[in-house]
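# have a look at this fold, sequence not included:
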């Protein structure tokens, strides 16, 4: 299997379930090209790639939720996952190949190159829910340095009757505000991801 460190996107076009168009028209600047590539890499695997339930379940259990996380894995790393077999590996390799991607890609640009802000962004994006919005769990709160109890009280008040459906909505608002204030200026490709979540939030808050 080819494991080039470059994304082969010169002739590739895809229209995903979320309406993203990734065409590989050559970019004038490297940063623009990276931005275009990141528009795909920051997406949820479960929303953008039709995998078998078994394969998707294995990736979710391993915390591999974004396309950019998946393409950096090697075949041996995936085969080490619990209940992940060669059939699942072949399925993923074939689908990535159709997208112009491979396993073992070297993504030496933000947010994938290990910098602190990049790690935070990846963690936040991994909290996306397939049906819309975000939800902060305890592990993510610790990783992000967030006092989850304090945020929930500030968002919902002390009355337990306020909890339930409102909790993911207000946590979504908190994380979208964080993405926009801390990351979007330097990473404009986030706008295409944030926009549908804002629309979902507005609809659900009615």
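Nice, I can see it. Note that the structure is a prediction, hence the values are computed from the model and not measured.

# burial measure for residue 202, as a count.
Look at residue 202: counted by other C-beta atoms under 10 Å, it has 9 neighbours. C-beta here means a position set from N, CA and C on the backbone, and glycine is covered the same way.

# three-state assignment of it?
helix (DSSP: H, G, I helix; E, B strand; the rest coil).

# from here on, call the first residue 39.
Done: numbering now begins at 39, and the last item shifts to residue 240.

# identify the residues contacting it.
Residue 240 makes contact with no residue under the criterion C-beta atoms under 8 Å, 6 or more residues apart in numbering.

# measure it to residue 207 for me?
Applying C-beta to C-beta, to the nearest Å, the value for residue 240 to residue 207 is 10 Å.

# repeat for residue 172
10 Å.

# neighbour count: the two, which is higher?
residue 172 (23 against 20).

# for the more buried one, list each beta-bridge partner.
residue 166 (DSSP bridges).

# right, and it touches residue 166 too?
Yes - here residue 172 reaches residue 166: they are 5.6 Å apart, a contact under C-beta atoms under 8 Å.

# which neighbours do those two have in common?
Residues within reach of residue 172 and of residue 166 at once, by C-beta under 8 Å, 6+ apart, are residue 235.

# name the residues of stretch 115-125 that come out as buried.
116, 119, 122 (16 or more other C-beta atoms under 10 Å).

# and what of stretch 228-237?
Buried, per 16+ other C-beta under 10 Å, within stretch 228-237: 228, 231, 235.

# please apply the same query to stretch 150-167.
For stretch 150-167, a neighbour-count test (16+ other C-beta under 10 Å) marks 150, 156, 158-160, 162-166 as buried.

# residue 85: which of those is nearest?
The closest of those to residue 85 turns out to be residue 166 (C-beta to C-beta; 8.1 Å).

# quick check: pLDDT value at the closest one.
At residue 166, the model reports a pLDDT of 94.

# wait, isn't it in contact with residue 80?
No - under the criterion of C-beta under 8 Å, residue 166 makes no contact with residue 80, lying 9.3 Å away.

# grab the longest helix from the protein for me.
Across the chain, the helix with the greatest residue count (assigned by DSSP state H) is helix 204-220.

# what does it contact?
155, 159, 162, 165, 167, 171-174, 189-190, 193-194, 228, 232, 235-236, 238-239, 242-243.

# and the residue lying closest to residue 159 once chain neighbours are set aside, how far is that from residue 221?
Spatial nearest neighbour of residue 159, chain neighbours left out: residue 149 (4.5 Å); criterion: C-beta to C-beta, 6 or more residues apart in numbering. Distance check for residue 149 against residue 221: by C-beta to C-beta, it reads 8 Å.

# same thing with residue 82?
For residue 82 relative to residue 221 (C-beta to C-beta), the value is 17 Å.

# who's more crowded, these two?
residue 221 (20 against 17).
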